[in-house]
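K.L.:
Compute the structure for the input listed below.
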Amino acid sequence: MKGKTNADEDEALIWGLQGRNSEFTVYDFSQVLEATDNFSEENKLGQGGFGPVYKGRFPDGVEIAVKRLASHSGQGLTEFKNEIQLIAKLQHTNLVRLLGCCYQGQEKILIYEYLPNKSLDFFIFDETRRALIDWHKRLAIIDGIAQGLLYLHKHSRLRVIHRDLKAGNILLDREMNPKIADFGLAKIFSANDNEGNTKRIVGTYGYMAPEYASEGLFSIKSDVFSFGVLILEIVSGKKTSSFHRYGEFINLLGHAWQMWKDETWLQLVDPLLPTDSHTMEIMRCINIALLCVQENAADRSTTSEVVAMLSNETMTLPEPKHAAFFNMRLTNEEASNVVAASSVNGITLSAIDGR
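P.N.:
Now for the predicted structure:
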């Protein structure tokens with residue numbers, strides 16, 4: 001009887017959402033099967049931290065992205081509810097739009113708007129595709145991500161910390177406008193709470209703020225840290241977790257900080273970008289990125305400050321302090337092992353203590 005009661009409550013929760021949001025639909029599993037051609041390999045878009053994502057098409061021609069949560073993924077009903085309740089309430093041009101869901105038996109499925117240009121990492125870490133994104137577009141992507149973050153942190157009805165902001169979770173529409181995706185690890189805070197802590201560290205290596213990676217402390221400033229990493233990746237075309245200089249710095253942050261101190265930051269810039277016509281803009285972006293990845297969270301810029309600095313070219317920028325990075329000595333073999341193990345998606349959503 002208990003299971004039946006829980007199932008009834010789950011259905012009520014989901015259908016309750018549908019009633020509050022006319023654009024949100026609860027789909028039957030048979031509709032999802034038809035839309036994805038029985039989850040065919042041809043329709044598979046990729047593999048997320050919680051399961052595969054498929055392209056689908058409804059009979060009316062609407063294209064969708066279908067996130068099928070794997071039963072062994074670690075995202076249980078709690079995480080499923082979390083993502084539904086959260087995204088259904090969030091409406092912003094730089095956030096991916098949740099169209100509906102399917103919860104039937106062991107199947108837990110999220111249905112999103114389909115974005116044809118995949119994710120940011122598909123472009124910026126590929127030599128050929130990266131050439132398609134000029135500086136104007138990269139700057140627009142940086143600004144769009146910042147606007148989406150500001151909405152999450154300040155302007156939505158909720159105060160939301162994403163906790164897994166990375167290039168793979170930035171989707172791109174037909175015009176290459178960025179949309180923040182994957183809210184399975186997100187946390188909602190009340191207006192009076194500024195940070196929380198957890199004993200289970202989840203997220204992706206290379207984007208985690210040091211206080212979160214070492215102590216489980218997370219806040220708006222931990223999202224800001226991840227955003228700073230993203231800026232450096234967009235400017236350089238290099239992946240932070242796999243970047244290394246043998247015998248010196250293991251990641252992109254240390255490399256960027258050293259070049260900033262040595263005033264050789266132009267060497268950090270993607271060679272595909274013409275720096276002569278955009279030198280000051282690129283320098284400002286690197287400066288802002290370094291302000292976001294300060295070792296001490298209190299020294300990092302707020303999201304509002306980041307948006308202001310990006311939108312006002314005449315605004316004087318503070319000089320960044322010491323950036324957070326790992327300073328380790330690696331052999332060639334050790335470095336290759338770091339690269340191979342550098343991307344780790346957390347799969348557990350844990351309780352938090354508001355502070």
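K.L.:
From now on I want contacts and neighbour counts done on CA atoms only, so please keep to that.
P.N.:
Noted.
K.L.:
Show the contacting residues for D28.
P.N.:
If a contact means CA atoms under 8 Å, 6 or more residues apart in numbering, then D28 has C102, Q104 as its contacts.
K.L.:
repeat for R57
P.N.:
A35, T36, E63, I64.
K.L.:
Helices along the protein, start to end?
P.N.:
Taking DSSP state H, the helices of the chain run over residues 2-20, 29-35, 77-89, 120-124, 127-130, 135-150, 210-215, 220-236, 252-261, 279-292, 303-311, 332-340.
K.L.:
what would those helices look like in CSV with distance to G51, mean neighbour count and mean pLDDT?
P.N.:
Below are those laid out as CSV (distance: least, CA to CA, whole Å; neighbours: other CA atoms under 10 Å; pLDDT from 0 to 100):
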stretch, distance to G51, mean neighbour count, mean pLDDT
helix 2-20, 21, 13, 49
helix 29-35, 15, 16, 97
helix 77-89, 12, 17, 74
helix 120-124, 18, 20, 96
helix 127-130, 26, 13, 94
helix 135-150, 24, 20, 98
helix 210-215, 24, 17, 89
helix 220-236, 23, 26, 97
helix 252-261, 29, 21, 91
helix 279-292, 31, 22, 97
helix 303-311, 30, 17, 97
helix 332-340, 20, 13, 34
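K.L.:
Would you mind giving the ones you listed as JSON lines with distance to F189 added?
P.N.:
Compiled in JSON lines, the helices of the chain are given as follows (distance: least, CA to CA, whole Å):
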{"stretch": "helix 2-20", "distance to F189": "20"}
{"stretch": "helix 29-35", "distance to F189": "33"}
{"stretch": "helix 77-89", "distance to F189": "12"}
{"stretch": "helix 120-124", "distance to F189": "28"}
{"stretch": "helix 127-130", "distance to F189": "36"}
{"stretch": "helix 135-150", "distance to F189": "14"}
{"stretch": "helix 210-215", "distance to F189": "17"}
{"stretch": "helix 220-236", "distance to F189": "10"}
{"stretch": "helix 252-261", "distance to F189": "29"}
{"stretch": "helix 279-292", "distance to F189": "21"}
{"stretch": "helix 303-311", "distance to F189": "16"}
{"stretch": "helix 332-340", "distance to F189": "34"}
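K.L.:
Cool, thanks, signing off.
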